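In: Generate a structure from the sequence data that follows.
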Amino acid sequence: MTKDFVIGFSSLKEGKHIFNYKVGGSFFEQFENSEIQKGELEVEVELDKKPTLMNARFQIDGEVVVMCDRCTDDYSQKVNLTSELIYKFSDEQMEDENIVVVFPNEFQIDVSHPIYEFIITSLPGKRLHPNGTCNEEMLKIMDNYLLVSSNEEE
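Out: Next comes the predicted model:
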């Protein structure tokens with residue numbers, strides 16, 4: 001739990017509250033085996049507190065540095081997304097992945113993990129440099145190590 005991303009909700013009045021965060025390299029370092037090592041993103045969390053739950057809307061804009069699946073060089077990938085979560089006050093677990101249970105003894109929420117998950121899931125499945133910008137030298141080296149099966153024995 002990073003204190004920078006903890007929201008103490010018990011003292012908040014009902015209604016909407018805005019929280020702004022800057023996400024960079026040190027943010028991604030706290031997540032083990034993170035695919036992202038660097039990035040610069042702006043995050044706005046709008047928390048709408050109600051008697052039995054809190055609706056949280058996450059707006060995330062910026063860029064992250066990820067590895068290209070083709071040439072293995074790093075490149076910048078734009079991120080622009082809006083996602084929502086519900087923080088429900090309850091003493092029972094729920095199966096819905098869009099609902100986070102807040103138990104009666106809790107007085108704060110950590111939004112770092114949802115921010116990280118939203119960023120990771122927004123990335124394309126196949127991560128590639130924009131057309132024509134792969135490291136050609138690396139692609140040539142990799143071609144030398146590719147195994148090509150031959151059907152000469154058939």
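In: Give me the distance between the residue nearest to G15 when sequence neighbours are not counted and V6.
Out: Nearest residue to G15, sequence neighbours excluded (Cβ to Cβ, 6 or more residues apart in numbering): K49, at 6.4 Å. To be clear about C-beta, it is placed using only N, CA and C from the backbone, and glycine gets the same treatment. Distance, K49 to V6, by Cβ to Cβ, to the nearest Å: 15 Å.
In: for V100, what are its contacts?
Out: 85-88, 109, 114 (Cβ atoms under 8 Å, 6 or more residues apart in numbering).
In: Swap in 7 Å and give it another go.
Out: Going by Cβ atoms under 7 Å, 6 or more residues apart in numbering, V100 touches 85, 87.
In: so it is in which element?
Out: Taking DSSP states H and E as the definition, one finds V100 inside strand 99-102.
In: Over to K16?
Out: Counting by DSSP H and E, K16 is part of strand 15-23.
In: Mind giving me the packing neighbours of whatever helix or strand comes next after that strand?
Out: Next helix or strand after strand 15-23 toward the C-terminus (DSSP H and E): helix 25-29. Helices and strands touching helix 25-29, by 3 or more Cβ pairs under 7 Å, 6 or more residues apart in numbering; DSSP states H and E, are strand 38-49.
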